[in-house]
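Trainee: Have a look; sequence and predicted model below, questions after that.
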Amino acid sequence: MQSLQLNNFGPDHLTLVDSAMPEPSEHEVVVTLAAASLNPRDSQIIAGHFTTAVEFPLVPLSDGAGTVTAVGTKVTRFEVGDKVTTLFFPNWHSGEATNGERGVSTGLEVPGAAQEVGVFHEDSLANSAPHLTAAEAACYPCAGLTAWSALFDKSFITKGNWVLIQGTGGVATMGIQLAKAAGANVIVISSSHEKLEKAKALGADYLINYIETPEWGQRAFEISGHGVDAVLEIGGTATLENSLNAIRHGGHINIIGYMAGIDMGITVFPLIIKNANLHGIGTGNRDSYESLMQFVGKHGLRPPIYQHFSLSEVKQALHTLDTGSPFGKVVIDLSQT
Ligand SMILES: NC(=O)c1ccc[n+]([C@@H]2O[C@H](COP(=O)([O-])OP(=O)(O)OC[C@H]3O[C@@H](n4cnc5c(N)ncnc54)[C@H](OP(=O)(O)O)[C@@H]3O)[C@@H](O)[C@H]2O)c1
């Protein structure tokens, strides 16, 4: 079986290597991985922009999906044939994380999903919603769970609420689907008219081009009537002020991304005046992931996939994620190396 290994920083240091088929120990599960998906963090880890604390060789990518093909003698959570995905934080199962639970992530501190066959502790996997293909299931562990945690664990979104979603990438597109399935009204901002039309097809109710309408926060406040209940904050520096303008009193801003800057130098007054709730979102735990999979199954959701690549094309896939402005997710099909 083949795996992708990073031997030094930079995509040119990714190589495909042949490895022996793994054998599970007592509590381990062998998974034949059929797909992985890319997140900006994966690209940053490979480039050396996320952290210098990488132990080489590293099997990258946090998100993968496949089928259980062998189980250790003491495994109770899975059987051969189960459809599973990796977890972004394999040791964080419930509640708020301890430092230890938060300190281990798939595709960085432990091997990731860029391999045809992986061996994982049974606690570090979760069942996929049954209707999903492997490529679709591989979209949820990081980006899907992040949208879920923000919308429901932190912002308590329910029918009739208003949600403002920034952009049209992985987190945003799954956020649109989840919020609409919960009965919320969704406002989407994007730099692209074409992508806004695709967001509308996914269910978005109101569309704002943030290039043409730089005061989009005020516009979202007006559209919702009294301010939005929650924002999925993807931009960072360039977007937080508008997000504060968009929310209702007591509304929720979920700090997820830093696509438009990492330094959030704002004055405290808008936060105080609006009784704003600012939540840092760090993906989520296994309980939330299982709730997400149940919800995805109940509503028959399928995440938008922008483009598929093979494992040998991973450099092109990373380039597409970094520069191609994808609508939805970029996926690696692991069974077609
Ligand atoms: N905290 C967490 O747990 C967590 C989890 C997953 C991802 N993230 C972070 O969240 C961000 C998005 O991740 P992703 O996987 O969705 O990435 P992605 O698929 O690459 O999408 C990036 C999106 O950012 C949008 N964007 C860029 N600049 C913007 C701006 N000034 N205003 C509004 N939107 C802007 C783009 O929107 P348009 O192209 O439509 O204009 C694009 O759709 C990244 O920074 C990522 O590192 C954090």
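Mentor: In hand now; what should we look at?
Trainee: Quickly list the domain ranges of this structure.
Mentor: Listed domain ranges for the chain are 2-139+303-336, 144-280 (source: automatic domain parsing).
Trainee: does any part of the longest one sit near the ligand?
Mentor: Yes. Remark: domain 2-139+303-336 sits within contact range of the ligand at 39-41, 321, 325-326, by C-beta under 6 Å from any ligand atom. Quick note: C-beta positions are derived from backbone N, CA and C, even for glycine.
Trainee: center of this structure, which residue is that?
Mentor: Nearest to the mean C-alpha position of the chain, counting by C-alpha atoms, centre = their mean, stands Ala143 at 0.9 Å.
Trainee: Would you check that that residue makes contact with Gln177?
Mentor: No. The pair Ala143 / Gln177 is not scored as a contact, 11.5 Å apart, by C-beta atoms under 8 Å.
Trainee: Skipping its backbone neighbours, what lies nearest the residue of the chain positioned farthest from its centre in space?
Mentor: No residue in the chain has its C-alpha farther from the mean C-alpha position than Thr73, which lies at 32.5 Å (C-alpha atoms, centre = their mean). With C-beta to C-beta, 6 or more residues apart in numbering as the criterion, Thr73 has its nearest non-adjacent residue at 5.4 Å, and that residue is Glu26.
Trainee: how about Ala199, what does it touch?
Mentor: 168, 172-173, 176, 188, 190, 207 (C-beta atoms under 8 Å, 6 or more residues apart in numbering).
Trainee: change it to 10 Å
Mentor: Going by C-beta atoms under 10 Å, 6 or more residues apart in numbering, Ala199 touches 165, 167-168, 172-173, 176, 186-190, 192, 205-207, 304, 327.
Trainee: Can you report how many residues neighbour the closest residue to Pro11 other than its chain neighbours?
Mentor: Of all residues not flanking Pro11 in the chain, Lys315 sits nearest, at 4.8 Å (C-beta to C-beta, 6+ apart). Using other C-beta atoms under 10 Å, Lys315 has 13 neighbouring residues.
Trainee: Just put the residues of domain 2-139+303-336 next to the ligand in a markdown table and tack on pLDDT.
Mentor: Below are the residues of domain 2-139+303-336 next to the ligand laid out as a markdown table (pLDDT from 0 to 100):
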| residue | pLDDT |
| --- | --- |
| Asn39 | 98 |
| Pro40 | 98 |
| Arg41 | 98 |
| Leu321 | 98 |
| Ser325 | 91 |
| Pro326 | 97 |
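Trainee: from those residues, which ones fall inside helices?
Mentor: Among the residues of domain 2-139+303-336 next to the ligand, the ones falling in helices (DSSP state H) are 40-41, 321.
Trainee: for the helix or strand that the residue nearest to Pro11 is a member of, which positions count as buried?
Mentor: Lys315 is part of helix 314-323, with elements assigned from DSSP states H and E. Neighbour counts using 16 or more other C-beta atoms under 10 Å place 314, 317-318, 320-322 of helix 314-323 among the buried residues.
Trainee: Now do the same contact list for whichever residue of the stretch 51-200 of the chain sits closest to the ligand.
Mentor: As assessed by C-beta to the nearest ligand atom, the ligand sits closest to Gly169 within the stretch 51-200 of the chain, at 1.8 Å. Neighbouring residues of Gly169 by C-beta under 10 Å, 6+ apart: 39-40, 143, 175, 190, 195, 234, 257, 259, 304, 306, 321, 325-330.
Trainee: I appreciate the help and will end here.
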